[in-house]
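Engineer: Provided below for reference: sequence and predicted model.
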Amino acid sequence: MQDLKMGRLVHDIVLKHGLLADKFACAALVDMYAKCKVVDDARQLFDKMQNRDLVTWTVMIGAFAECRNADESLVLFDWMIEEGVVPDKVAMVTIVNACAKLGAMYRASLVRYYICRNKFSLDVILGTAMIDMYAKCGCIDSAREIFDRMQVKNVITWSAMIAAYGYHGHGRKAIDIFHMMLNSGVSPNVITFVSLLYACSHSGLIEEGLRFFSLMWDEFAVRADVKHYTCMVDLLGRAGRLDEALELVESMAVEKDERLWGALLGACRIHGNIDLAEKAVNSLLELQPDNAGHYVLLSNIYARAGRWKDVAKMRDMMSQRRLKKVPGLTWIEVDNKTYEFSTGDRTHPRSEKIYAMLESLGKKLELAGYVPDTNFVLHDVDEEVKLGMLYSHSEKLAIAFGLIATADGTPIRITKNLRVCGDCHTFSKFVSAITQRVIIVRDVNRFHHFREGTCSCGDYW
DNA sequence: CTAGGGTTAG
């Protein structure tokens, strides 16, 4: 049931007949609100219920992970345990899913401990959820361990592993898994191919990607949808084959969406193709006139080409339409606590040390050849102010804090709400070289593993 | 036996 109007009607009837004490009726209503994405209504009802049982808790926890902040799922889970409700396997899958969404490594390890201690067997669903959780927490090897231990794997399990290798930049391994899957007799589906093509494009495996794209229909009867085309546009576009990418877009018989044009625009950014970028943005703005991200991306492309008048034009368009760039946030877990940073943030208790660290780090980095790229600052301010803004990007603050607060040699794991900024990407490479630290960044799309001055994404993101 | 569970594209 996903009809909110009807759902509220049913809610009224339940109230009228005094059925609020009935846990089945209430759980179903909570679930209905959750599925209609009105999580606050679900929570209100949940709070009013007298006898909440495990299923109701599970629905509520899942609703938060689905609709809003997975952090709230974890809080609720703790509360449930405190109330003495004992989770079962389905509840664990729900909480594993919340950890995956958050990328919260510490919580993930607690959950694993809980699962082991209570001897929940790794059935195909719990195992698959754990693969996804580990991968999205940046621990691709742990994900693979779970995968290898699983006795029963279905198409979702295989797809999750292929996808995981894909967004960690291990295209070859994704292809290996795909072949293992075929050998085991499981047939790939639509999502398997999205994951596989994505893995190819993000590892620059052009010929392989093209081959799989034609194979999917010819050999597996899986019809290409807009997502597969998006992967192919990305694959060709990254490789600089923009003409072919455009040709594909123009020839496809499937309805085009904003992410397809977004892939083309991303390729234009990498290769500095302004004409095509403008075409892509025009199509994007037809579909989503209020998405600030599109303006920002085009503005960055202009900035890189030194077309400052056009940058100003974009900025004016944005302010006319009252569009604001989504503020960048970065999270880092230190000593089992999550810290959040925004640009120029000085709220952290160790803020002075963090800025001091950034300053000394900056000097070393610049000696090593790092040149801050103020083109990534969109604001119309003096160069010096730009430099200050650039150096206080949330990512850099989180990395500096990680360097201060964690032991030498331990990897630094951070999570971002946006795509990684080009300058922060360069910065992270230099930091990994100079400090001998591995830096693992989860951005909104994928993972970057920085090690000894290089990134696993091969600078294509 | 009946409410609740996993994978995907910029």
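Structural biologist: Sure thing, it's come through.
Engineer: the closest residue to residue A:139 other than its chain neighbours: neighbour count?
Structural biologist: Leaving out its chain neighbours, the residue that sits closest to residue A:139 by Cβ to Cβ, 6 or more residues apart in numbering is residue A:105, at 7.0 Å. Just so you know, the C-beta spots here come from the backbone N, C-alpha and C atoms, and that holds for glycine as well. Other residues near residue A:105 come to 22 when the count uses other Cβ atoms under 10 Å.
Engineer: who's in contact with residue A:344?
Structural biologist: A:389, A:392 (Cβ atoms under 8 Å, 6 or more residues apart in numbering).
Engineer: could you look up the SS state of it?
Structural biologist: coil (DSSP: H, G, I helix; E, B strand; the rest coil).
Engineer: so how far does stretch A:427-446 reach from one end to the other?
Structural biologist: Taking Cα to Cα, to the nearest Å, the first and last residues of stretch A:427-446 lie 18 Å apart.
Engineer: list the buried ones in it?
Structural biologist: A:427-435, A:437, A:439-443, A:445-446 (16 or more other Cβ atoms under 10 Å).
Engineer: what do you get for stretch A:108-119?
Structural biologist: A:108-109, A:111-112, A:114-115.
Engineer: among those, which are located in helices?
Structural biologist: A:108-109, A:111-112, A:114-115 (DSSP state H).
Engineer: before we move on, back to that, you'd agree the residue nearest to residue A:139 is up against residue A:135?
Structural biologist: No: using Cβ atoms under 8 Å, residue A:105 is not in contact with residue A:135; the gap is 11.6 Å.
Engineer: ok so, going back, between the ones in helices among the buried residues of stretch A:108-119, which is closest to residue A:312?
Structural biologist: residue A:108 (45.2 Å; Cβ to Cβ).
Engineer: need the contact list for that closest one.
Structural biologist: A:96, A:99, A:133-134, A:137, A:139.
Engineer: over to residue A:192?
Structural biologist: Counting by Cβ under 8 Å, 6+ apart, residue A:192 has contacts A:155, A:158-159, A:162, A:178, A:181, A:222.
Engineer: would you turn those into CSV with neighbour count and pLDDT?
Structural biologist: Shown next, in CSV, are the contacts of residue A:192 (neighbours: other Cβ atoms under 10 Å; pLDDT from 0 to 100):
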residue, neighbour count, pLDDT
A:155, 14, 98
A:158, 25, 98
A:159, 24, 98
A:162, 27, 98
A:178, 23, 98
A:181, 21, 98
A:222, 19, 98
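Engineer: picking that back up, can you lay out the contacts of residue A:108 as CSV showing neighbour count, pLDDT and secondary structure?
Structural biologist: As requested, those are exported to CSV (neighbours: other Cβ atoms under 10 Å; pLDDT from 0 to 100; DSSP: H, G, I helix; E, B strand; the rest coil):
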residue, neighbour count, pLDDT, secondary structure
A:96, 27, 96, helix
A:99, 29, 94, helix
A:133, 30, 97, helix
A:134, 26, 96, helix
A:137, 26, 94, coil
A:139, 21, 94, coil
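Engineer: any idea how far residue A:94 is from DNA strand B?
Structural biologist: Distance, residue A:94 to DNA strand B, using Cβ to the nearest atom of the strand, to the nearest Å: 5 Å.
Engineer: swap that for residue A:73, sorry
Structural biologist: Separation of residue A:73 from DNA strand B (Cβ to the nearest atom of the strand) stands at 11 Å.
Engineer: I'd assumed residue A:100 was in contact with that residue.
Structural biologist: No: using Cβ under 8 Å, residue A:73 makes no contact with residue A:100, being 10.9 Å away.
Engineer: these two: who's more crowded?
Structural biologist: residue A:73 (25 against 22).
Engineer: circling back: pick the one among the buried residues of stretch A:108-119 closest to residue A:330.
Structural biologist: residue A:108 (18.7 Å).
Engineer: which one of the contacts of residue A:192 is nearest to DNA strand B?
Structural biologist: Proximity of the contacts of residue A:192 to DNA strand B (Cβ to the nearest atom of the strand) peaks at residue A:159, which lies at 2.9 Å.
Engineer: list the contacts for that closest one?
Structural biologist: A:188-189, A:191-192, A:195.
Engineer: and those, which is closest to residue A:125?
Structural biologist: residue A:191 (15.5 Å).
Engineer: that closest one is in what secondary structure piece?
Structural biologist: Assigned by DSSP states H and E, residue A:191 belongs to helix A:190-202.
Engineer: what's the distance between residue A:215 and residue A:125?
Structural biologist: Applying Cβ to Cβ, to the nearest Å, one obtains 29 Å for the distance of residue A:215 from residue A:125.
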